[in-house]
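Curious how this folds, go ahead:
(one chain, ligands or ions: 1)
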Amino acid sequence: MSLFDHAFDLDRDAAVVTGAGNGIGRAVALALVGEGVRTVFADINAEKAAAAAAGAANPALAHAWTGDLADRAECDRLLADARKQLGLVTLFVHSASPPRLEQDHLLSVSDETWARMRAVNLDAGFHLGREIARSLIAEKSPGSMLYLTSLHAETPRNLPHYSSSKAGMAILVKEFARTLGRYAIRVNALVPGAIAAGGFVADPALARHIPLGRLGQADDLAAMALAVLSNRIGGYVTGTSIVVDGGLALTNWFDPPELD
Ligand SMILES: NC(=O)c1ccc[n+]([C@@H]2O[C@H](COP(=O)([O-])OP(=O)(O)OC[C@H]3O[C@@H](n4cnc5c(N)ncnc54)[C@H](O)[C@@H]3O)[C@@H](O)[C@H]2O)c1
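Alright, predicted model coming up:
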């Protein structure tokens with residue numbers, strides 16, 4: 001049997017993907033359904049979540065869910081609805097993130113924008129991941145989680161609310177992995193480079209800084225996400241950050257922000 005056959009246990013595995021209405025989250029959720037995994041597509045945008053789920057290879061396996069994950073009660077509703085729809089959630093992907101706008105630099109970002117970025121990226125990531133882990137532990141089931149972080153967890157992005165929340169997620173992944181390894185729950189970060197995926201409108205000229213010579217696509221991330229989520233392929237991988245950037249991390253192209 002090929003290593004790539006039966007990457008997932010289709011009787012047991014079920015997934016929740018946040019930010020599945022667009023970009024990388026959508027590509028990962030669609031890829032999971034393509035492998036036969038029952039998947040909840042969670043997003044704040046009802047239309048996008050529904051369209052993404054409807055576009056899945058097998059729409060019967062794809063369940064759209066709408067809610068604002070900046071709100072703790074909505075996170076709990078997602079957990080309850082996913083449990084009802086799928087049973088035990090064994091795979092969790094946290095890709096949701098509020099828009100990053102260039103005008104929100106260090107001297108201008110509002111308290112509200114700061115708090116919202118943190119609430120979705122870090123607070124929801126912590127709460128959802130911990131609750132899913134608690135259920136897995138209670139049922140003695142292995143599981144796998146993937147957090148979309150950023151190269152800007154380590155280098156400035158001129159968006160301090162974004163970079164600091166991604167840095168928080170990066171260490172959270174290590175905390176989760178260290179504690180949860182004993183329960184066969186693996187937790188990793190997936191680090192996109194410049195991915196022309198909706199959340200980031202890249203200048204095509206950026207390609208000259210990328211050793212592989214092109215911007216990334218959401219599907220570049222989806223393939224690696226499946227490999228890491230799969231216990232058959234990524235079963236000995238936990239607590240690490242997997243960079244999918246065509247080599248962009250070898251440079252840093254951002255100038256300091258223009259101040260008013
Ligand atoms: N695209 C890139 O180049 C890039 C680079 C580095 C990191 N990332 C990270 O990868 C992830 C996906 O990026 P993308 O470009 O696909 O983003 P995107 O903006 O295209 O998609 C993010 C999705 O999250 C949803 N969302 C936003 N706020 C939400 C909330 N409060 N509750 C529920 N859903 C919410 C949005 O509606 C959207 O569908 C993000 O975490 C992002 O930070 C992306």
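
Break down this protein into its strands, ranges please.
Chain-ordered strands for the chain, with DSSP state E as the definition, fall at 14-18, 38-43, 62-66, 91-94, 143-148, 185-192, 241-244.

Now do the same contact list for the closest residue to the ligand within the chain.
Closest approach of the chain to the ligand (C-beta to the nearest ligand atom) occurs at residue 23, with a separation of 2.0 Å. (Glycine included, C-beta is placed from N, CA and C.) With contacts defined as C-beta atoms under 8 Å, 6 or more residues apart in numbering, residue 23 is in contact with 95, 195, 197, 198, 199, 218.

among these, who's most crowded?
By neighbour count, taken as other C-beta atoms under 10 Å, the most surrounded of the contacts of residue 23 turns out to be residue 95 (29 neighbours).

distance of it from residue 146?
Separation of residue 95 from residue 146 (C-beta to C-beta, to the nearest Å): 8 Å.

Can you check which residues contact both of the two?
Taking C-beta under 8 Å, 6+ apart as the contact rule, residue 95 and residue 146 both touch residue 28.

got the residues of the stretch 1-150 of the chain near the ligand?
Within reach of the ligand by C-beta under 6 Å from any ligand atom, the stretch 1-150 of the chain has these residues: 18-19, 21-25, 43-45, 48, 68-70, 95-98, 120, 148, 150.

Now, of these, which are buried?
By neighbour count, with 16 or more other C-beta atoms under 10 Å, these hold 18-19, 21-25, 43-44, 48, 69-70, 95-98, 120, 148, 150 as buried.

Out of those residues, list just those in helices.
23, 24, 25, 48 (DSSP state H).

And the residues you listed, which two are furthest apart?
24 and 48 (13.2 Å; C-beta to C-beta).

Next up, the contacts around residue 17.
With contact set as C-beta under 8 Å, 6+ apart, residue 17 has these partners: 25, 28, 29, 32, 39, 40, 41, 42, 92, 93, 95.

so residue 91 makes contact with residue 13?
Yes - Residue 91 is in contact with residue 13 according to C-beta atoms under 8 Å; the separation is 5.9 Å.

so what sits against both of those two?
Listed contacts common to residue 91 and residue 13 are residue 37; contacts here mean C-beta under 8 Å, 6+ apart.

Pass me the low-pLDDT residue ranges in the stretch 151-260 of the chain, would you?
Across the stretch 151-260 of the chain, the ranges flagged by pLDDT under 70 are 199, 252-254.

Near the ligand, which residues of it are found?
Counting by C-beta under 6 Å from any ligand atom, the residues of the stretch 151-260 of the chain near the ligand are 192, 194, 195, 197, 198, 199, 200.

8 Å instead, please
Proximity of the stretch 151-260 of the chain to the ligand is assessed by C-beta under 8 Å from any ligand atom, with 151-152, 162, 166, 190-200, 202, 216, 218, 221 identified as the residues in range.

Narrow those to just the buried residues.
If you count burial by 16+ other C-beta under 10 Å, the buried members of these come out as 151-152, 162, 166, 190-200, 216, 218, 221.

Among those, which lie within helices?
Among these, the members falling in helices are 162, 166, 218, 221 (criterion: DSSP H).

can you tell me which residues contact the closest residue to the first one other than its chain neighbours?
Ranked by C-beta to C-beta, 6 or more residues apart in numbering and with sequence neighbours excluded, the top spatial neighbour of residue 162 is residue 100, at 5.0 Å. Taking C-beta under 8 Å, 6+ apart as the criterion, residue 100 is in contact with 157, 159, 162, 199, 200.

Okay, residue 233 and residue 15: tell me how far apart.
Using C-beta to C-beta, one gets 15 Å for the distance from residue 233 to residue 15.

Appreciated, that's everything.
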